[in-house]
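Visitor: got a predicted structure here, sequence first:
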Amino acid sequence: MTRPPILAEFLLPTTELRDDLPFFTKTLGMRLENIFPADDPSVASFSGHGIRVRIEKGADVTAGHLRILTDDVEGFAEGKTQLTAPNGTKISIVPLTPQVEHITTQHEFAVRRLADEAPWVIGRAGMHYRDLIPSRLGGSIIASHIRIPDGGPVPDMVHYHTVGFQLIFCYRGWVDVLYEDQGDMIRLHAGDCVTQPPGIRHRVVEASPNIEVIEIGVPAEHVTTIDHDFTLPNGKGDPAREWDGQTFVHHVKDTATWQPFRIGGFTARDTGISKGTKGVAGIQVVRRAEGDPPAFTHDADIHFTFVMEGTMTLHADGQADRALEAGDGFVIPPDMVVQYLDASDDIELLEVALRGDFTTTLV
């Protein structure tokens with residue numbers, strides 16, 4: 001048995017329908033579907049741009065506000081982006097494809113300690129989020145400590161993000177993820193990470209109990225779009241494929257090479273993300289080595305570090321020394337003189353820098 005079609009429409013009021021007919025058909029490019037009564041029309045339905053509206057004389061409803069999405073904003077309605085229909089309905093013409101907003105970083109020295117019991121909030125797909133940079137540096141970045149207490153299958157959908165840069169670093173446990181053009185399931189173990197280039201389709205599938213990840217997003221607020229028509233996995237694509245100039249980077253801890261860090265007294269493994277993003281961001285994992293760490297400055301626009309293991313003292317000029325431990329995060333603004341003191345032998349830091357090709361100066 002064939003199911004009859006079902007439609008939905010928005011009801012809008014009017015005082016004189018004949019004034020609205022040319023606006024909705026000619027200005028907004030909608031199609032007239034029905035109109036009545038014939039001798040003195042007071043009701044008409046229009047369809048177009050993915051919606052249907054019914055305009056009814058004397059309807060006891062508000063005039064409302066329609067948003068029409070198009071990537072040809074200048075070519076629609078003679079380039080006007082804000083209009084008012086004769087019946088009072090407000091019309092906004094906005095881009096169909098979300099755009100990355102470029103935010104000017106508001107630099108600051110900031111420390112976020114796990115012991116301060118910052119609240120965890122429940123976000124997308126039931127995951128728990130903890131904000132590691134409360135100010136988000138004016139909206140330029142979001143750093144989230146994310147956990148899924150129970151583990152198991154994750155109720156996620158295929159989606160993508162409109163971002164400038166995004167990192168998923170597996171901090172504890174493991175998580176299974178699917179990515180566009182990357183073949184079958186990828187399991188991230190503690191210490192592994194991936195970049196999510198702008199627009200790459202992906203889905204979180206399953207996680208171990210008490211999984212924890214660190215997620216970095218630039219800018220802080222970005223659009224997540226669900227792709228209902230895309231299925232993952234979708235096979236292997238071109239390994240050199242770029243999404244908005246960035247390739248997909250999957251860094252595996254167990255195959256990494258440790259080398260001297262740019263600051264004495266430490267060693268580091270580079271994730272290859274600076275190369276994969278053409279310098280947009282640089283991600284390194286840092287451990288203690290021989291020697292005393294010197295004071296230093298940097299010229300990165302954003303320099304964020306998360307303490308994954310161990311303890312240390314953060315000394316920064318003009319600030320009280322901060323004793324740090326696992327779960328703490330800190331931001332160092334450009335040109336501030338800082339020094340990592342009293343680092344324990346098991347110290348392990350996750351360093352995030354934007355750009356990734358910044359310069360460090362030893363003091």
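Guide: Now that the structure is in, tell me what you want to look at. Residues are numbered from 1 along each chain as shown.
Visitor: give me the number of residues near residue 5?
Guide: Per other C-beta atoms under 10 Å, the neighbour tally for residue 5 reads 5. Glycine gets a C-beta too; all of them are placed from N, C-alpha and C.
Visitor: again with residue 26
Guide: 10.
Visitor: and if you look at residue 331?
Guide: Counted with other C-beta under 10 Å, residues neighbouring residue 331 total 22.
Visitor: what separation do you get for it and residue 287?
Guide: 21 Å (C-beta to C-beta, to the nearest Å).
Visitor: quick check: the nearest residue to residue 242 once chain neighbours are set aside vs residue 141, distance?
Guide: Nearest in space to residue 242, with sequence neighbours left out and distances taken as C-beta to C-beta, 6 or more residues apart in numbering, is residue 197 at 7.4 Å. For residue 197, the distance to residue 141 equals 17 Å [C-beta to C-beta].
Visitor: equivalent analysis for residue 121, please.
Guide: 18 Å.
Visitor: okay but residue 97 is in contact with residue 71, surely?
Guide: Yes. Taking contacts as C-beta atoms under 8 Å, residue 97 lies within contact range of residue 71: 5.4 Å.
Visitor: residue 151 contacts residue 210, doesn't it?
Guide: Yes. Residue 151 lies in contact with residue 210 (C-beta under 8 Å); the separation is 6.8 Å.
Visitor: overlap of the contact sets of those two?
Guide: Common contacts of residue 151 and residue 210, defined by C-beta atoms under 8 Å, 6 or more residues apart in numbering, comprise residue 173.
Visitor: now the helix or strand encompassing residue 315: average pLDDT?
Guide: Assigned by DSSP states H and E, residue 315 belongs to strand 311-316. Here strand 311-316 scores 98 as its mean pLDDT.
Visitor: what lines up beside the helix or strand following that strand in the sheet?
Guide: Counting by DSSP H and E, the next helix or strand C-terminal to strand 311-316 is strand 322-325. Using DSSP bridges, the strands paired with strand 322-325 are strand 311-316 (antiparallel).
Visitor: what about the strand it pairs with, distance to the chain center?
Guide: Relative to its chain's centre, strand 311-316 lies at 30 Å (C-alpha atoms, centre = their mean, to the nearest Å).
Visitor: so what touches that strand?
Guide: So strand 311-316 is in contact with 109, 111, 295, 321-326, 330, 332, 336-344, 347, going by C-beta under 8 Å, 6+ apart.
Visitor: just the buried ones from those?
Guide: 109, 111, 295, 324, 330, 332, 336, 338, 339, 340, 343, 347 (16 or more other C-beta atoms under 10 Å).
Visitor: quick check: domain ranges of this protein?
Guide: 10-94, 110-248, 255-362 (automatic domain parsing).
Visitor: export the ones you listed to a markdown table and append columns for distance to residue 4.
Guide: Shown next, in a markdown table, are those (distance: least, C-beta to C-beta, whole Å):
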| stretch | distance to residue 4 |
| --- | --- |
| domain 10-94 | 16 |
| domain 110-248 | 23 |
| domain 255-362 | 51 |
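Visitor: right, and those domains - which one's nearest residue 3?
Guide: Residue 3 lies closest, by C-beta to C-beta, to one member of the domains of the chain: domain 10-94, at 18.7 Å.
Visitor: same question for the helix or strand containing residue 170, mean pLDDT?
Guide: In this assignment (DSSP H and E), residue 170 forms part of strand 165-172. Strand 165-172 shows a mean pLDDT of 98.
Visitor: adjacent strands (with direction) for the helix or strand that comes right after it?
Guide: The helix or strand immediately downstream of strand 165-172 is strand 174-179, counting by DSSP H and E. Its sheet considered, strand 174-179 pairs with strand 186-189 (antiparallel), strand 202-207 (antiparallel) by DSSP bridges.
Visitor: elements contacting the lowest-mean-pLDDT helix or strand in the chain?
Guide: Between all helices and strands in the chain, the lowest mean by mean pLDDT, DSSP states H and E belongs to strand 121-122, at a mean of 82. Strand 121-122 is packed against strand 128-131, with contacts defined by 3 or more C-beta pairs under 8 Å, 6 or more residues apart in numbering; DSSP states H and E.
Visitor: ok, residues contacting the strand it packs on?
Guide: 112, 118-123, 142-149.
Visitor: what about residue 357, how many residues nearby?
Guide: 13.
Visitor: residue 280 is in contact with that one, correct?
Guide: No. Counting by C-beta under 8 Å, residue 357 stays clear of residue 280, with 9.1 Å between them.
Visitor: mind listing the shared neighbours of these two?
Guide: Common contacts of residue 357 and residue 280 (C-beta under 8 Å, 6+ apart): residue 274.
Visitor: contacting residues for residue 235?
Guide: 181, 183.
Visitor: same deal with residue 71?
Guide: Contacts of residue 71 by C-beta under 8 Å, 6+ apart are 95, 96, 97.
Visitor: one more: residue 65?
Guide: 89, 90, 91, 92.
Visitor: low-confidence ranges in the stretch 51-200 of the chain?
Guide: Applying pLDDT under 70 to the stretch 51-200 of the chain picks out residues 117-118, 124-126.
Visitor: got the residue ranges for the strands in it?
Guide: 51-57, 65-69, 82-84, 90-94, 110-112, 121-122, 128-131, 142-148, 152-153, 159-162, 165-172, 174-179, 186-189, 193-195 (DSSP state E, counting those that start in this stretch).
Visitor: which of the residues in the longest one are buried?
Guide: Spelled out, that is strand 165-172. For strand 165-172, by 16+ other C-beta under 10 Å, it's 165, 166, 167, 168, 169, 170, 171.
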